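A.B. asks: the following comprises the amino acid sequence and a computationally predicted model.
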Amino acid sequence: MRSLVPNVSYDAPTTVKLGPVAEFPDGLKFLPDQRLFVNRYGEPLSASGVRFKLAAYVKEAVKTTPTLRAKHVTPHAFRHATAVHLISAGVDVTVIRSWLGHVSLDTTNHYARANLETKRKALEQVAVPTTPGGQPSWKRDTSVLAWLDTL
């Protein structure tokens, strides 16, 4: 799968495999056997560790962005938002399924439900039909109107 970071590929939702040397924009370099997300003991960050760190960051962010207090910020919210953004960007749903670690495409298709932006773009692509006289043919046909009145 194509990654936003050069030399990094994602095989499963929690596994990140680095290429020979992954170099990040700030100059940090990681070797293939190095962990990106670790706890204070240098061990891989567990799911509860991720939730703990996220809660701490949200608590700190609320000081400058009070509206976050009313939001339900969870790791799954990031996962969901990422999947929806990838769908909106046109990434194939099978690639997203693989990245999220879903067994079934049905699970991934949940993220493919059209959001408002996707619906807006679809409507912009539809041309407004032009009809002579400004009315559709069924409105100009008195027999159709008479039949509709009988219903």
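C.D. replies: On my side now, so go ahead.
A.B. asks: just the strands from the protein, written as ranges.
C.D. replies: For the chain, applying DSSP state E gives strands covering 8-12, 15-18, 22-23, 29-30.
A.B. asks: for residue 150, give its distance to residue 144.
C.D. replies: Distance of residue 150 to residue 144, computed by Cβ to Cβ, to the nearest Å: 11 Å. No exception for glycine: its C-beta is placed from N, CA and C like everyone else's.
A.B. asks: pick out whichever of those two has more residues nearby.
C.D. replies: Between residue 150 and residue 144, counting by other Cβ atoms under 10 Å, residue 144 is the more crowded of the two (13 against 5).
A.B. asks: look at residue 97 and say how many residues are nearby.
C.D. replies: By other Cβ under 10 Å, 19 other residues sit near residue 97.
A.B. asks: and the nearest residue to it once chain neighbours are set aside, what does it touch?
C.D. replies: For residue 97, ignoring the flanking residues on the chain, the nearest one in space by Cβ to Cβ, 6 or more residues apart in numbering is residue 108 at 4.0 Å. Residues near residue 108 by Cβ atoms under 8 Å, 6 or more residues apart in numbering: 83, 93, 94, 96, 97, 100, 102.
A.B. asks: pLDDT added to these, as TSV?
C.D. replies: Below are the contacts of residue 108 laid out as TSV (pLDDT from 0 to 100):
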residue	pLDDT
83	88
93	86
94	89
96	89
97	88
100	86
102	85
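A.B. asks: farthest-apart pair in these, please.
C.D. replies: Across the contacts of residue 108, the longest distance by Cβ to Cβ is 12.7 Å; it joins 83 and 94.
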